[in-house]
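Novice: what shape does this take:
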Amino acid sequence: MTVLPPTIARAPATPADRRADLVLAVGLFVGAILSAALGSVAGFYGTDTAEIQWSLLYGAALTLPLALRRRYPEIIAVAVSLVFFIGMSARVPELYVGNIAVFIAFYTVGAWVDDRRRAILVRVLITVGMFFWLLVTTFQAATAPTDDGLSREGIFSPFVAYMLIQFLVNVAFFGGAYYMGDRAYASALQRRALELRTAELEHEREVTAAQAVALDRVKIARELHDVVAHHVSAMGVQAGAARAVIEKDPDAARTALSGVETSARSALHELRQLLETLRTPDAGSTEGSTLSLDDLGELIAYAEENGLPTTFTVIGDPTPVPYVVQVNLYRIAQEALTNARRHAGPDASADVRLRYDRDAVELEITNTGRVATMIRPGLGLVGMRERAAASGGEVETGPRPRGGFRVRVRVPVGPDRAVPAPGTAYADTAGDTVVDQGATT
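Specialist: As a prediction, this is how the structure comes out:
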């Protein structure tokens, strides 16, 4: 059995439903007039029948209200039942369309009333009223001093059989209308729940697609920042040095400008590799575009060549580290050294320590130099946090009391941790899409 939310209600009637009700009401009205006319000719009640104008009024009052049956189902059901009772009591010679109209009105209450208690109450009252009227008419027929009609002789006389048929037909009539109305309402609720669930799934799909696009944009922005900022920072330092000594020491200036050229070529090379990776159909890495912890030595040498004396120490025995973790640690070290070169001052130095523990790998980058009095979070620090989160680790950043800055990232590794495939999209461990904001520190 389908379990539906307690607050769900069936969808309201559409304009097409209301037009269909109007067509139904007009069709039944025409049928009621024809039925009354033919019943009068056939002599259903002999000569004791209502006049034709009363048949017209009865047919209109019985059928035309059904045009509003979905808007006011309870009122229409009660009104049609009363009209049917009055018409039968007045001996209007119409015996068939009236039953159809009562059935439709009774069914509509069960199929369209969202307040189920009220729907039950209205249908029970109509059923009790009809059976009470049937009992009264049966008693009157049984006690009427007339010899006309069916024989009443015997325990199971033709008259008793006819009355039993009347009762059984009415039980089937109202019971069937009750059951069918409830089934129609339950089916409508199931369709409504399915529509709402479909709309919810479509909304979730759109949100998921938007998050995937945002996640890809974050990844691309982070990679572009790490590639460009590192080399452009070095180019700025080298260009400044060349400008300062170009008149006094042309050879030193040429050396500095050569470094600018080298940095520019390196930046273009890495950008080309990044673009090739993005153009790869499966978003995997292309040959020669991978970075690993083994490349930290070259990164340290590059930092020293560009005016930042840097030491590098590996502590512990190297253990297998997932590809994504290696790339993220490399980029964090690259960003930390770039920031040190830009902000720590001309006499700063840096120290990089890579520590392998039994169940984790830890990277710490510290530098001497100016004491940072205010840190404005930007793309650099945001990217470090994202990369640490993408690797399942955590990062600590902040100024040192004696001057300089410290970046420490620790990532758990071990046999129980899955190794992501190259090109795996980065995501926050909390499941949220992280959006870069701010400027490089």
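
Novice: okay, now the unreliable bits of the stretch 101-250 of the chain?
Specialist: The model of the stretch 101-250 of the chain has pLDDT under 70 over residues 140-157, 159, 162, 211, 214-216, 218-219, 222, 225-230, 233.

Novice: how about a cut-off of 80?
Specialist: Applying pLDDT under 80 to the stretch 101-250 of the chain flags residues 134, 136-167, 170, 207-238, 240-242.

Novice: what about the helices in it?
Specialist: Under the criterion DSSP state H, counting those that start in this stretch, helices of the stretch 101-250 of the chain are mapped to 116-143, 158-245, 250-279.

Novice: nearest to residue 107, of the ones you listed?
Specialist: Counting by Cβ to Cβ, residue 107 lies closest to helix 158-245 out of those; the figure is 4.5 Å. The C-beta positions use only the backbone N, C-alpha and C, and glycine is treated the same way.

Novice: measure how far the closest one is from the centre of its chain, please.
Specialist: Relative to its chain's centre, helix 158-245 lies at 3 Å (Cα atoms, centre = their mean, to the nearest Å).

Novice: quick one: it to helix 250-279, angle?
Specialist: Angle, helix 158-245 to helix 250-279, by axes from the mean of the first three to the mean of the last three Cα atoms, to 10 degrees: 170 degrees.

Novice: so which of the helices of the stretch 101-250 of the chain gets nearest residue 306?
Specialist: Checking these against residue 306 by Cβ to Cβ gives helix 158-245 as the closest, at 4.3 Å.

Novice: for the closest one, packing partners?
Specialist: When contacts are defined as 3 or more Cβ pairs under 8 Å, 6 or more residues apart in numbering; DSSP states H and E, helix 158-245 packs onto helix 97-112, helix 116-143, helix 250-279, helix 323-343, helix 379-390.

Novice: about what we covered before: so can I have JSON lines of the helices of the stretch 101-250 of the chain showing distance to residue 387 and mean neighbour count?
Specialist: Output for the helices of the stretch 101-250 of the chain, formatted as JSON lines (distance: least, Cβ to Cβ, whole Å; neighbours: other Cβ atoms under 10 Å):
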{"stretch": "helix 116-143", "distance to residue 387": "57", "mean neighbour count": "14"}
{"stretch": "helix 158-245", "distance to residue 387": "7", "mean neighbour count": "15"}
{"stretch": "helix 250-279", "distance to residue 387": "15", "mean neighbour count": "15"}
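
Novice: quick check: end-to-end length of stretch 303-318?
Specialist: End-to-end distance of stretch 303-318 (Cα to Cα, to the nearest Å): 23 Å.

Novice: in that stretch, what's buried?
Specialist: Neighbour counts over stretch 303-318 (16 or more other Cβ atoms under 10 Å) mark 303-304, 306-308, 310, 312 as buried.

Novice: can you list contacts of it?
Specialist: Stretch 303-318 is contacted by residues 234, 237-238, 241, 259, 263, 293, 296-297, 300, 337, 340-341, 344, 346, 348-357, 367 when judged by Cβ atoms under 8 Å, 6 or more residues apart in numbering.

Novice: how about a cut-off of 7 Å?
Specialist: Contacting residues not belonging to stretch 303-318 are listed as 234, 237-238, 259, 296-297, 300, 337, 340-341, 348-357 [Cβ atoms under 7 Å, 6 or more residues apart in numbering].

Novice: report the buried members of those.
Specialist: Neighbour-count burial (16+ other Cβ under 10 Å) is assigned, among those, to 234, 237-238, 259, 296, 300, 337, 340-341, 348-352, 354, 356.

Novice: most widely separated two among those?
Specialist: Maximum distance among the buried ones among the contacts of stretch 303-318 (Cβ to Cβ): 34.1 Å, for 238 and 356.

Novice: now stretch 392-400: average pLDDT?
Specialist: Mean per-residue pLDDT for stretch 392-400: 88.

Novice: could you give the average pLDDT over stretch 81-97?
Specialist: On average, the pLDDT along stretch 81-97 is 85.

Novice: er, stretch 370-389 actually
Specialist: What stretch 370-389 shows for mean pLDDT is 70.

Novice: ok, back up a step: closest one of the buried ones among the contacts of stretch 303-318 to residue 184?
Specialist: When the buried ones among the contacts of stretch 303-318 are compared for distance to residue 184 (Cβ to Cβ), residue 356 wins out at 69.6 Å.

Novice: phi, psi for the nearest residue to the closest one once chain neighbours are set aside please.
Specialist: Take residue 356 and drop its neighbours on the chain: the residue closest to it by Cβ to Cβ, 6 or more residues apart in numbering is residue 316, 3.6 Å away. Dihedral angles of residue 316 (phi, psi; degrees, to the nearest 10) stand at phi 90, psi 170.
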